[in-house]
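1. the following block contains a protein sequence and its predicted model.
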Amino acid sequence: MRTSTSHSATLLVVCVAHFLMPFMMSAVGVALPAMGREFNASAMQLGLVETTYVLSASIFLLAMGRAGDIHGRRKVFQFGVLFFTVTGGIISQAWSIEAVIALRFLQGMGGAMVMATSMAMVVSTFPPSERGKALGIAVASVYAGISCGPFIGGMLVAGLGWRSIFYLLAPLGLFTFFVARLKMHDEWAEAAGEPFDWVGLLIYGPSILLLVAGVSNLSRGPWAWGLLVAANIGFALFLWWETRCKHPILNIDLLRHNRVFALSNLAALFNYAATFGVTFFLSLYLQYVKGMGPHQAGTVLITQPIVQTLLSPFCGRLSDRVPASYVATSGMALCAVGLAFAANLSADSGLSHVLVLLVFLGAGFACFSSPNVSIIMGSVEPRDLGVASGMNSSMRTLGMMTSMMIITLVFSYLMHGQPVTAETQPDFLASMHWALLIFCALCVIGIGCSFGRFTRSPETR
């Protein structure tokens, strides 16, 4: 007779997986120059190494969440970890930049399987009284991966070459897979036997592809706007189909009749849209305006994920004791304060100004993230946990793309396609000022979404 799934084993495998995904993203970013030199790759090809991974994850997140509800979240999670690890091992032996790009797309599918089911497994394993603490630890592991990626990845690339990053993935990925196989015995498949909505996936996937292609090329001509229009038509068609499909990828009733679920996901979308682009601006600001080198700038910017890593478990525990909506809304407010503070940066601002705003943003995101996930996952029935997990991850990805679209538009309007130089520094600072004010406004809208769920009962907080 099998024993029940170990709480600690579930949290361990989820944390290792959550560490690996952002670690590989940020570490591969450090490895791109070395990869480009070996394969004589163009700048566009190097950009596709990262873009194809994000694109693939975006396309398959909702689908993998639904697949977990039908076929079992443990099964989909384990296969995702194994697929992510094996494709990474093949990338370590890549023979061309085209092979790396194709394999990164496949690796994104594995990442989507993991990210769409991991939070649902934590919620299914831990009782409500311990859920916030567990989610806080799981979220902290994501920030730990973000923090360690550039540092460890840089050392590996400098000492052993870019392929060593993917060598490191093999033991960690296989460890996660085997622990999950040996220690996780329960299966969660509340929608077992229901058909999969292939039509919905075939509409949603190309819509995401058109969105990413449009956002990535906004500065290159009006045809990119045509791609965005087509993407929005695709999303409208997807929503229309989902309302008529008996077993949809996305249960539209969750958005129409579950106010807590809908507003919490909107809050996540606005939060990621408001905060993702900050690091991009600050990296350019520290290097082009303050004259720092890449290593110095990275050392300063690591302040935010370190604060998030340290505070996330505490904020998760706090959300077990007080309504999670209060904690999440407070976090959004801290982000808004940090963004308003950042919008006032000038060429004469001191390093302390940057560090203070990074601490505000780190604390704000720690307070927001795990409590908001707890609210989302606690607002749905067990049969929809996979869909809820996939939806939350999709909001993160769409928020990131929204943030970059805002940056592209502001740059195209104020910088007119010029590079950041000493001569264009005033235009860059103006661009950063207006973009950060827009981000701050998005945070305020997110606060409004958070307030909209306060009237709900404690069970759905």
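-> Done, it's in.
2. ramachandran coordinates for Gly193?
-> With angles defined as degrees, to the nearest 10, Gly193 sits at phi 90, psi -20.
3. next, the contact list for it, please.
-> For Gly193, the residues meeting the contact criterion (CB atoms under 8 Å, 6 or more residues apart in numbering) are Ile70. (C-beta placed from N, C-alpha, C; glycine too.)
4. from Thr117, how far off is it?
-> Per CB to CB, to the nearest Å, Gly193 is found 18 Å from Thr117.
5. C-terminal to the lowest-mean-pLDDT helix or strand in the chain, what's the next element?
-> When the helices and strands of the chain are scored by mean pLDDT, DSSP states H and E, helix 294-301 comes last with a mean of 72. Once the chain leaves helix 294-301, the next helix or strand it forms, by DSSP states H and E, is helix 303-321.
6. give me the distance from that following helix to the chain's centre.
-> For helix 303-321, the distance from its own C-alpha centre to the chain's C-alpha centre is 17 Å (CA atoms, centre = their mean, to the nearest Å).
7. ok, stretch 91-99 next?
-> 25 Å.
8. that one - what's its average pLDDT?
-> In this model, stretch 91-99 has an average pLDDT of 89.
9. secondary structure class for Pro195?
-> For Pro195, the secondary structure call by DSSP: H, G, I helix; E, B strand; the rest coil comes out as coil.
10. local confidence estimate at it?
-> The model reports Pro195 with a pLDDT of 87.
11. I'd say it and His247 touch.
-> Yes. In this structure Pro195 lies within contact range of His247 using CB atoms under 8 Å: 5.4 Å.
12. just want to know which of the two has more residues nearby.
-> Summary of the neighbour comparison: Pro195 and His247, criterion other CB atoms under 10 Å, with His247 having more neighbours (15 against 10).
13. mind listing the helices for the stretch 301-450 of the chain?
-> In the stretch 301-450 of the chain, the segments counted as helices under DSSP state H, counting those that start in this stretch are 303-321, 324-342, 351-378, 385-414, 425-451.
14. of those helices, which approaches Val212 most closely?
-> Closest to Val212 of the helices of the stretch 301-450 of the chain, according to CB to CB: helix 385-414, at 6.6 Å.
15. that closest one - contacts with which helices or strands?
-> The helices and strands touching helix 385-414, judged by 3 or more CB pairs under 8 Å, 6 or more residues apart in numbering; DSSP states H and E, are helix 43-71, helix 73-91, helix 97-125, helix 198-216, helix 252-257, helix 259-284, helix 351-378, helix 425-451.
16. and the last one, what does it pack against?
-> To tie it back to what came earlier, the one meant is helix 425-451. With contacts defined as 3+ CB pairs under 8 Å, 6+ apart, helix 425-451 has these neighbours: helix 259-284, helix 324-342, helix 385-414.
17. next: the third one.
-> When contacts are defined as 3+ CB pairs under 8 Å, 6+ apart, helix 97-125 packs onto helix 7-39, helix 43-71, helix 73-91, helix 128-160, helix 351-378, helix 385-414.
18. cool, and the second one?
-> Using 3+ CB pairs under 8 Å, 6+ apart as the contact test, the elements touching helix 73-91 are helix 7-39, helix 43-71, helix 97-125, helix 163-183, helix 385-414.
19. same deal with the first one?
-> Using 3+ CB pairs under 8 Å, 6+ apart as the contact criterion, the secondary-structure elements in contact with helix 43-71 are helix 7-39, helix 73-91, helix 97-125, helix 198-216, helix 385-414.
20. which parts of this structure belong to which domain?
-> 1-184, 197-248, 256-461 (automatic domain parsing).
21. returning to that earlier point: Thr329 is nearest to which of the helices and strands packed on helix 385-414?
-> For these, distance to Thr329 was read as CB to CB. The smallest value, 3.8 Å, belongs to helix 425-451.
22. chain center to that closest one, what's the gap?
-> How far helix 425-451 lies from its chain's middle: 19 Å, per CA atoms, centre = their mean.
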